[in-house]
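Asks: Model the following, please.
(4 chains)
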Amino acid sequence: MRVAVQSDSFDFASEAAAFAQDLDGAGAVVTFTGIVRDVSGGLEAMEIEHYPGMTQSALTAIAEEAIERWSLADALVIHRHGRLAVGEQIMMVATAAPHRGDAFEAAEFLMDYLKSRAPFWKKEITRDGAEWVEAREDDETALNRWK
Amino acid sequence: MRVAVQSDSFDFASEAAAFAQDLDGAGAVVTFTGIVRDVSGGLEAMEIEHYPGMTQSALTAIAEEAIERWSLADALVIHRHGRLAVGEQIMMVATAAPHRGDAFEAAEFLMDYLKSRAPFWKKEITRDGAEWVEAREDDETALNRWK
Amino acid sequence: MDVLYFAWVRERIGAPKDKIETNAATVTELVDELRAREPRYEAAFADLSALRVAVDQELSDFDAPLAGVREVAFFPPMTGG
Amino acid sequence: MDVLYFAWVRERIGAPKDKIETNAATVTELVDELRAREPRYEAAFADLSALRVAVDQELSDFDAPLAGVREVAFFPPMTGG
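Replies: Below is the predicted model of the structure:
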């Protein structure tokens, strides 16, 4: 398992390739990558604040829960903080399991938890100013699936 | 959209990196990779037969359906045939969408279709002989989700 | 008409392909003609529920008509992915 | 006790952190004390339903006890991923 919280960018391709090594019989690997996108047309950057004392342990707990619940061969979580330009990668998760259903479910579980339970806050910087991204009702509801 | 049917191996990392270029605002990228695994302990290789005249068009039709149904920014399908050793990559799919739910669903849809509707047949080569892999009831049932 | 066989259907018949002159109106009628040829065909087509068919490279049904068709393929359920 | 603020809670209060001597028994009591300090705290804690709390770096509830606690953090619902 690898959990990284960092301001530096990461290379999705090499992270994914490293993850796919030594999976010990896992036949299915799922990855998810989140990229800063300019939905409304005026986004200049995304600023991501986090809670340094809590972030690493919260992500580790989530990854460990996923590994146990879906008997994963491995899991990876990388999440950036700081200022990110449009098109930059925000975060990625990867899961490896014997069967595809487990790998997919575990990746969706990780994402649902990262969205609403990991201590990150996004702020959109536009030409007209800056605004905190509001939590989505959908993202909160998504967690019910895993109870 | 890219659909490739080939006996050559592919480099997941560079395929994923190329896919993640120019996604035109898509914020969510999901990949799935299938790897030959030795479940019972005696597997020497997997031989994958396909139907050359049909494979490319069947995969293209499946990818186009996914793109339309989930408004994907892009989709990628690579599937190998021929003799593959344990640990080798069999296939991959990638999907890109504005929201993570669509990217995940579209990738699962592609996988469910590849498992049961794309003209590939797997044969397991063991020390004791060779045996065609039987289709799984589960895989057939999985398709009901998309009707 | 080209008739193609894949996976264990190909192995039981012992050939990947036959060129066939037929007046069969449907896939089922074609199967009946093939079965009557030789025991190896009879063995391959013994259990139709274990077989799938593609007509002109599209997945199809056993009652599909064959008028104008150039290629029919028989194979077990697919196991891709 | 360290009290930490993140995102717009931090911005409204105008500081990332306070060191506080308190006898508050629960998070709610701590919030009441903070609110009474200055209008900027009142503004930050006006709507508790819009806030989340972590006690010693674990997500918690507003009725959580504070005995032995070293760090409390207030912030809006998280928006990671």
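Asks: going forward, measure contacts between C-alpha atoms and count neighbours the same way
Replies: Will do.
Asks: Show residues contacting the lengthiest helix in chain C.
Replies: When chain C is scanned for its longest helix (criterion: DSSP state H), the result is helix C:27-35. Applying C-alpha atoms under 8 Å, 6 or more residues apart in numbering or on different chains, the external contacts of helix C:27-35 come out as C:22, C:24, C:41-42, C:45, C:61-66.
Asks: chain center to that helix: distance?
Replies: Here helix C:27-35 shows a centroid-to-chain-centroid distance of 8 Å under the convention C-alpha atoms, centre = their mean, to the nearest Å.
Asks: list the buried ones in it?
Replies: Buried residues in helix C:27-35, counted by 16 or more other C-alpha atoms under 10 Å in any protein chain shown: C:27-31, C:33-35.
Asks: where do the helices sit along chain C?
Replies: C:7-13, C:27-35, C:39-44.
Asks: returning to what we had before: and the contacts of helix C:27-35, which are buried?
Replies: C:41-42, C:45, C:62, C:65-66.
Asks: A:Lys123 pairs with what?
Replies: Beta bridges link A:Lys123 to A:Glu47, A:Trp132 when assigned by DSSP bridges.
Asks: hang on, it packs against A:Gly129?
Replies: No: A:Lys123 lies out of contact with A:Gly129 (C-alpha atoms under 8 Å); the separation is 10.2 Å.
Asks: Show me which of the contacts of helix C:27-35 is closest to chain B.
Replies: Of all the contacts of helix C:27-35, chain B sits closest to C:Asp61, with 13.5 Å by C-alpha to the nearest C-alpha.
Asks: okay but that closest one is in contact with C:Val53, surely?
Replies: Yes: at 6.5 Å, C:Asp61 counts as touching C:Val53 under the criterion of C-alpha under 8 Å.
Asks: Do I have it right that C:Gly80 meets B:Asp112?
Replies: No: counting by C-alpha under 8 Å, C:Gly80 does not reach B:Asp112; the two are 9.4 Å apart.
Asks: Next, A:Ala63: secondary structure please.
Replies: Under DSSP: H, G, I helix; E, B strand; the rest coil, A:Ala63 falls in the helix class.
Asks: can you give me the strands in chain A?
Replies: Shown for chain A, the strands assigned by DSSP state E span residues A:2-6, A:28-35, A:43-50, A:74-80, A:82-85, A:89-97, A:120-126, A:129-132.
Asks: Quick one: the ones you listed as JSON lines, columns for mean neighbour count and mean pLDDT too.
Replies: Output for those, formatted as JSON lines (neighbours: other C-alpha atoms under 10 Å in any protein chain shown; pLDDT from 0 to 100):
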{"stretch": "strand A:2-6", "mean neighbour count": "16", "mean pLDDT": "98"}
{"stretch": "strand A:28-35", "mean neighbour count": "27", "mean pLDDT": "96"}
{"stretch": "strand A:43-50", "mean neighbour count": "21", "mean pLDDT": "96"}
{"stretch": "strand A:74-80", "mean neighbour count": "24", "mean pLDDT": "98"}
{"stretch": "strand A:82-85", "mean neighbour count": "18", "mean pLDDT": "97"}
{"stretch": "strand A:89-97", "mean neighbour count": "27", "mean pLDDT": "97"}
{"stretch": "strand A:120-126", "mean neighbour count": "22", "mean pLDDT": "97"}
{"stretch": "strand A:129-132", "mean neighbour count": "14", "mean pLDDT": "96"}
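Asks: mind giving me CSV with those strands and columns for distance to B:Thr33?
Replies: Below are these laid out as CSV (distance: least, C-alpha to C-alpha, whole Å):
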stretch, distance to B:Thr33
strand A:2-6, 19
strand A:28-35, 5
strand A:43-50, 30
strand A:74-80, 14
strand A:82-85, 28
strand A:89-97, 9
strand A:120-126, 29
strand A:129-132, 36
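Asks: which stretch among the ones you listed comes nearest B:Arg37?
Replies: strand A:28-35 (9.2 Å; C-alpha to C-alpha).
Asks: is any part of that closest one close to chain C?
Replies: No: judged by C-alpha under 8 Å from any C-alpha of the partner chain, strand A:28-35 stays clear of chain C, getting no closer than 10.0 Å.
Asks: Understood, closing this out.
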